[in-house]
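S.K.: coordinates only, sequence not included:
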């Protein structure tokens, strides 16, 4: 599994009216089940006077079902949480939570109408939200001789590596932060560039 994938960049909200019922979809990034549940509680508290606050979340990479949750919050079974979750699983986003708030307008939509309304609200939100990228970073310690300093400085940008600390003693010690999937390539390139002289520790 890739350590990087798209996530919502911000908390994002869209609203529409269907047969006098107001549907307000709020989505946000949730990197853990606890974050997702806290987000659901916060939105439900914000719209405490609403008829329903239905929700769904997917924690992990896009489409992964290891950590998911959903609730119809009093709507007929299967008409809100499940359709919302289905949209999230196919949205291309990971670490995402959605709450759709409904203010009932007096006209019953029927089960099919409700499922379309809830899934449509989430669809509109995931299509219009700004996206960011989740990247798993690791830090490594690199010890080299002074003659190899320029090799490290030239290699770093090629592997999206950032030098976060440096010490100059009998040798040069760098603390380097870089994307997890780049670490192995960086180690190999550093070994080649320093003729095997560099020491690398996690």
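M.R.: That came in fine, so what should we check first? Treat the numbers as computed from the prediction; the structure is a model and nothing was measured. Numbering: from 1, shown residues only.

S.K.: what's the spacing between residue 188 and residue 131?
M.R.: Using Cβ to Cβ, to the nearest Å, residue 188 is found at 31 Å from residue 131. All C-beta spots, glycine's among them, are computed from the backbone N, C-alpha and C.

S.K.: And for the helix ranked longest in the chain, what's in contact with it?
M.R.: Scanning the chain for the helix with the most residues, using DSSP state H, yields helix 110-128. Residues from elsewhere that reach helix 110-128 (Cβ atoms under 8 Å, 6 or more residues apart in numbering): 12-14, 16, 18-19, 21, 23-27, 54, 56, 75-76, 78-80, 82-84, 86-88, 91-93, 96, 98, 100, 102, 109.

S.K.: Which of those fall in strands?
M.R.: Among those, the members falling in strands (DSSP state E) are 12-14, 16, 18, 21, 23-27, 54, 56, 96, 98, 100, 102.

S.K.: Where does pLDDT dip in this protein?
M.R.: Counting by pLDDT under 70, the chain contains low-confidence ranges at 1-3.

S.K.: I figured residue 198 hits residue 142, correct?
M.R.: Yes: with contact defined as Cβ atoms under 8 Å, residue 198 reaches residue 142; the gap is 6.0 Å.

S.K.: Name the residue in the two with the higher neighbour count.
M.R.: Neighbours were tallied for residue 198 and for residue 142 using other Cβ atoms under 10 Å; the higher tally belongs to residue 142 (24 against 21).

S.K.: before we move on, the earlier item: in terms of packing, which of residue 188 and residue 131 has more residues around it?
M.R.: Remark: of residue 188 and residue 131, residue 131 carries more neighbours, 14 against 10, as counted by other Cβ under 10 Å.

S.K.: residue contacts, that one?
M.R.: Listed by Cβ under 8 Å, 6+ apart, the contact set of residue 131 reads 6, 7, 8, 9, 93.

S.K.: right, and the pair among those residues with maximum separation?
M.R.: Using Cβ to Cβ, the contacts of residue 131 span at most 10.3 Å, a distance reached by 9 and 93.

S.K.: neighbour count winner among those two?
M.R.: residue 93 (24 against 13).

S.K.: Tell me how far that one lies from residue 59.
M.R.: Distance, residue 93 to residue 59, using Cβ to Cβ: 11 Å.

S.K.: Repeat that for residue 151.
M.R.: Distance, residue 151 to residue 59, by Cβ to Cβ: 40 Å.

S.K.: What of residue 40?
M.R.: Distance of residue 40 to residue 59, computed by Cβ to Cβ: 12 Å.

S.K.: Cool, thanks, talk later.
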